[in-house]
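1. Test case, fold it:
(chains A and B)
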Amino acid sequence: EAEVAQSPRYKITEKSQAVAFWCDPISGHATLYWYRQILGQGPELLVQFQDESVVDDSQLPKDRFSAERLKGVDSTLKIQPAELGDSAMYLCAILGRGGSYNEQFFGPGTRLTVL
Amino acid sequence: GQQLNQSPQSMFIQEGEDVSMNCTSSSIFNTWLWYKQDPGEGPVLLIALYKAGELTSNGRLTAQFGITRKDSFLNISASIPSDVGIYFCAGLPPSGTYKYIFGTGTRLKVLA
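-> Here you go, the predicted model:
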């Protein structure tokens, strides 16, 4: 069973519209990450949660992006308004637990296209 | 944000050949992870390394945690067409923040 589910898998929107992405990890993972990945590049961290608290959002464009993890399990990432340059893959990841405590597992991602 | 140096940037090889790629940093890491990413999918974890000098295998893949703790290597033996994809390294600094730094990726193409 996949550790992390993400939805939607694909999203096409027009600029200035609002979009939201959802991440649902198997419960018990305290640390959750949102990354943005531009085509051909490595993932770049947007925000890191420890339970329901944000521990790092230094790279999150806070004028238009917001993220929350209200109950410390699933999480949402929102963009309002979307801009052309936001077209990218948005990845959610969790830090493993138990024997894989330093291992980071990614979800399948949401591919966003802004027209 | 900061990204690790990964080389080569891309490589074309014949099926059956061995592949080597590496990742280097100017600072030390406590953990190295290697991922493979297919188009339109999220990265899939291949190998995790926890100690300097550690050599770990996963099938035809072998990865090593460099002695200096500033580099890591991934080898793929007897490549097959499904090895095609982008390989990323990720390093975890000893800062306690659990904030991984990713490499720039190595794009592998296998010619049958």
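2. Tell me which residues touch the residue most central in space within chain A, please.
-> Residue closest to the average C-alpha location in chain A (C-alpha atoms, centre = their mean): A:Trp34, at 3.0 Å. Counting by C-beta atoms under 8 Å, 6 or more residues apart in numbering or on different chains, A:Trp34 touches A:23, A:45-47, A:67, A:75, A:77, A:90-92. C-beta: built from backbone N, CA, C; applies to glycine.
3. of these, closest to chain B?
-> Relative to chain B, the closest of the contacts of A:Trp34 is A:Leu91; by C-beta to the nearest C-beta it sits at 5.4 Å.
4. Just give me the neighbour total for the closest one.
-> A:Leu91 has 27 neighbours, counted by other C-beta atoms under 10 Å in any protein chain shown.
5. Wait, it touches A:Arg111, no?
-> No - contact criterion C-beta atoms under 8 Å: A:Leu91 and A:Arg111 do not qualify, at 10.2 Å.
6. quick one on the thing from earlier: quickly list what the residue nearest to the centre of chain A is bridged to.
-> Beta-bridge pairing for A:Trp34 (DSSP bridges): A:Val47, A:Cys92.
7. Could you check how far it is from A:Asn102?
-> Between A:Trp34 and A:Asn102 the computed distance is 19 Å (C-beta to C-beta, to the nearest Å).
8. what does B:Asp83 give?
-> B:Asp83 is 25 Å from A:Asn102, by C-beta to C-beta.
9. where does the chain have low pLDDT?
-> Since you didn't name a chain, this refers to chain A. Within chain A, the segments meeting pLDDT under 70 span A:1-2, A:98-100.
10. that answer is for a different chain, and I need it for chain B
-> B:1.
11. Okay, strands next: where are they in the chain?
-> Just going to use chain A. For chain A, strands defined by DSSP state E occupy the ranges A:4-7, A:10-13, A:19-25, A:31-37, A:44-50, A:53-56, A:65-68, A:75-79, A:88-95, A:104-106, A:110-114.
12. actually chain B
-> B:5-7, B:10-14, B:19-24, B:31-37, B:44-49, B:55-58, B:61-65, B:71-76, B:85-92, B:101-102, B:106-111.
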